[in-house]
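Undergrad: What follows is a protein structure lacking sequence information:
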């Protein structure tokens, strides 16, 4: 359980009012008293509540949401849905954009603790953040293992990878590659890659895996894709995200490859932006409405009862959105 102001006061041997005055630098206090309070805060890892000190002992109605890059349409839509659901339940959101930087995520996590949020929805993919295992906050994870006691909500990445590859193969592709992110333990794209490889193995076809680092800019990623497609004569490409699939279609046009006659392409995510503005793309749709609803529901259950029993993992089904590219 996270320490309270009264815990600091008890350890320091002073009143809660004195601790509050030290934190707010209000009124005269001896250097000895200040040092006792600061020492107690350090020992207890107490972070002053910058936004809700007056609500000590009560819920702040604040939820921390940590994602890697909300400029990505998938994360942007998911965060928007989460915020809308929480707002309707009288909760406000503190949004943290970790930008695939472990230290940035760590700093944001400490900031959320300082503001005494009631809980956290974590969807960044910086692995090995030990703090998630140390804090006693209710936390629900999206698509990422954080610790044994933090439930994970995700779509069926393995089935999505199988479905995408099956779609390419049934459309006539026999030399099928996957363009995916770097393989890290616990990464959501691992399941998509595993489903891709399993389907091709079952069909006695050879997998071809190309990793495109997430941190590459679209221009650099497009150059890498063009190099790969120039060197290999693929007739089917499965991209583990829709943005990469759009880059593949651009490169295909540059190389005068007709889609889907010479090259079939399937993406992954199926956000509203893709469906509305790039309906030509065949993609595997993640159920964002269900994902966001379940993330919020599980978190509020944990906030209401820290000892409530939840499953370790919740996997939601995906579906194929048929376009013109496969």
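TA: Okay, I see it. Worth saying up front: this structure is predicted, and the values here are computed from it rather than measured. Numbers count the residues shown, from 1 in each chain.

Undergrad: Strands of the stretch 1-150 of the chain, residue ranges please.
TA: Applying DSSP state E, counting those that start in this stretch to the stretch 1-150 of the chain gives strands spanning 62-67, 92-97, 119-122, 139-142.

Undergrad: Make TSV out of the ones you listed and add distance to residue 254, mean neighbour count and mean pLDDT.
TA: Glycine gets a C-beta too; all of them are placed from N, C-alpha and C. Listed next are these as TSV, based on distance: least, C-beta to C-beta, whole Å; neighbours: other C-beta atoms under 10 Å; pLDDT from 0 to 100:
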stretch	distance to residue 254	mean neighbour count	mean pLDDT
strand 62-67	32	24	94
strand 92-97	32	17	94
strand 119-122	39	25	94
strand 139-142	35	24	93
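
Undergrad: Let's have these in JSON lines, adding distance to residue 297.
TA: Shown next, in JSON lines, are those (distance: least, C-beta to C-beta, whole Å):
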{"stretch": "strand 62-67", "distance to residue 297": "13"}
{"stretch": "strand 92-97", "distance to residue 297": "16"}
{"stretch": "strand 119-122", "distance to residue 297": "11"}
{"stretch": "strand 139-142", "distance to residue 297": "9"}
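
Undergrad: which stretches of the stretch 101-250 of the chain aren't confidently modelled?
TA: 125-129, 133-135, 184-189 (pLDDT under 70).

Undergrad: Now do the helices in it.
TA: 102-114, 131-134, 157-170, 188-202, 218-231, 242-254 (DSSP state H, counting those that start in this stretch).

Undergrad: Let me know which of those helices is tucked in deepest.
TA: Neighbour counts (mean count of other C-beta atoms under 10 Å) averaged over each of the helices of the stretch 101-250 of the chain peak at helix 157-170, with a mean of 23.

Undergrad: got the angle for that one vs helix 188-202?
TA: For helix 157-170 against helix 188-202, the angle by axes from the mean of the first three to the mean of the last three C-alpha atoms, to 10 degrees is 40 degrees.

Undergrad: List the contacts of helix 157-170.
TA: 143, 176, 178, 188-200, 203, 205, 236-238, 240, 264, 266, 268, 282, 284, 286, 317-318, 320, 326 (C-beta atoms under 8 Å, 6 or more residues apart in numbering).

Undergrad: ok, now stretch 260-275?
TA: 73-74, 77, 160, 164-165, 167-168, 171-173, 192, 234-242, 244-246, 248-249, 252, 257, 259, 281-286, 288, 321, 324-326.

Undergrad: and if we set it to 7 Å?
TA: The contact list for stretch 260-275, computed with C-beta atoms under 7 Å, 6 or more residues apart in numbering, reads 73-74, 77, 160, 164, 167-168, 171, 173, 192, 234-242, 245, 248-249, 252, 257, 259, 281-286, 321, 324-326.

Undergrad: Mind checking which of those residues are buried?
TA: 73-74, 77, 160, 164, 167-168, 171, 173, 192, 234-242, 245, 248-249, 252, 257, 259, 281-286, 321, 325-326 (16 or more other C-beta atoms under 10 Å).

Undergrad: Could you find the closest non-adjacent residue to residue 47?
TA: Leaving aside its sequence neighbours, residue 47 sits nearest to residue 114 (C-beta to C-beta, 6 or more residues apart in numbering; 3.6 Å).

Undergrad: That neighbour and residue 15: what is the separation?
TA: Here the criterion is C-beta to C-beta, to the nearest Å. By it, residue 114 lies 22 Å from residue 15.

Undergrad: ok, now residue 237?
TA: 67 Å.

Undergrad: do the same with residue 301
TA: 36 Å.

Undergrad: Give the burial count for the closest residue to residue 74 other than its chain neighbours, as a bare number.
TA: Spatial nearest neighbour of residue 74, excluding adjacent residues (C-beta to C-beta, 6+ apart): residue 269 at 4.6 Å. Residues contacting residue 269 under the criterion other C-beta atoms under 10 Å number 27.
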